[in-house]
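[1] any chance you can model this:
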Amino acid sequence: MDGYEVLWGARPATRRGPKPALSLEGIARTGIELADAEGLAAVSMQRVAAELGFTKMSLYRYVPGKAELVALMADLAMGAPPELHGGWRERLDAWARALLPRFTQHPWVLEATTGPRLPGPNELAWTEAAVAALAGTGLRGSERLDAVVVLVGHVRGIAQQAAATPDGNPEQQLGSKLAELLREHGDRFPALTNALTDTGGQDQALDFGLARILDGLATLIATRST
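    Predicted structure coming up:
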């Protein structure tokens, strides 16, 4: 069984006789619980097997190795995308806001979904939903795909900041540290000092960045329509 079969293979139909001792979903959920509690480094075939009360070798009957296990875990943790309604902008806004908690609730997914790899059906369904939201806008296929990449990058950046400060608000913590530095060194950084004293509120990075990305797409879509 290879990575493709683990993620995309048809699940065997129920047959007469004793049920299999383990299931791919059960194995993956055990791995998710470990990763949520202790991080992705804590996940190994040996550890997952022990948590399930089986031997490491018995796990290899279902999953060929850790890479395939982590891919399965990430796809299961992502889950299916939400139903989207409204115009393209409303749909992409809702899509991005629904994606963020999938990363913040399972921070290890950020690491597990980086670089060239085989995406699973749930992850691909998220991409499909976002690309479909831009159908009929006049954007070329490459532009629709690039727009999704930009949106994912923004959401991932916010999630990474949140993962780095699990005990509090990342923007607030950064602002506090900067304010402390600028009290002593503000004369060297006047523009930054001025910006920090005229914030108009914090913790707006997701909203601000999302709005600007969608504004840019709206401008591009308008040029296509003319």
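[2] next, the residue positioned nearest the centre of the chain: phi, psi?
    By CA atoms, centre = their mean, the mean C-alpha position of the chain lies nearest to residue 103, the distance being 4.2 Å. Dihedral pair for residue 103: phi -80, psi -40, per degrees, to the nearest 10.
[3] if you rank every helix and strand of this protein by mean pLDDT, what lands last?
    Across the helices and strands of the chain, mean confidence by mean pLDDT, DSSP states H and E is lowest for helix 170-185: a mean of 74.
[4] picking that back up, give the contact list for the nearest residue to the residue nearest to the centre of the chain once chain neighbours are set aside.
    Using CB to CB, 6 or more residues apart in numbering and skipping residues adjacent in sequence, the residue nearest residue 103 is residue 159, 3.5 Å away. For every residue, glycine as well, the C-beta is placed using N, CA and C. Each residue near residue 159 by CB atoms under 8 Å, 6 or more residues apart in numbering is listed here: 100, 103, 104, 107, 110.
[5] nearest to residue 43 among those?
    Distance to residue 43, by CB to CB, is smallest for residue 107 among the contacts of residue 159, at 13.3 Å.
[6] about what we covered before: any idea how far residue 93 is from the residue nearest to residue 103?
    17 Å (CB to CB, to the nearest Å).
[7] go on, residue 60?
    Residue 60 sits at a distance of 44 Å from residue 93 (criterion: CB to CB).
[8] among those two, which residue is more densely surrounded?
    residue 93 (20 against 13; other CB atoms under 10 Å).
[9] buried residues in the one helix or strand that one maps to?
    Per DSSP states H and E: residue 93 is located in helix 88-104. For helix 88-104, a neighbour-count test (16 or more other CB atoms under 10 Å) marks 88-89, 91-96, 98-100, 102-104 as buried.
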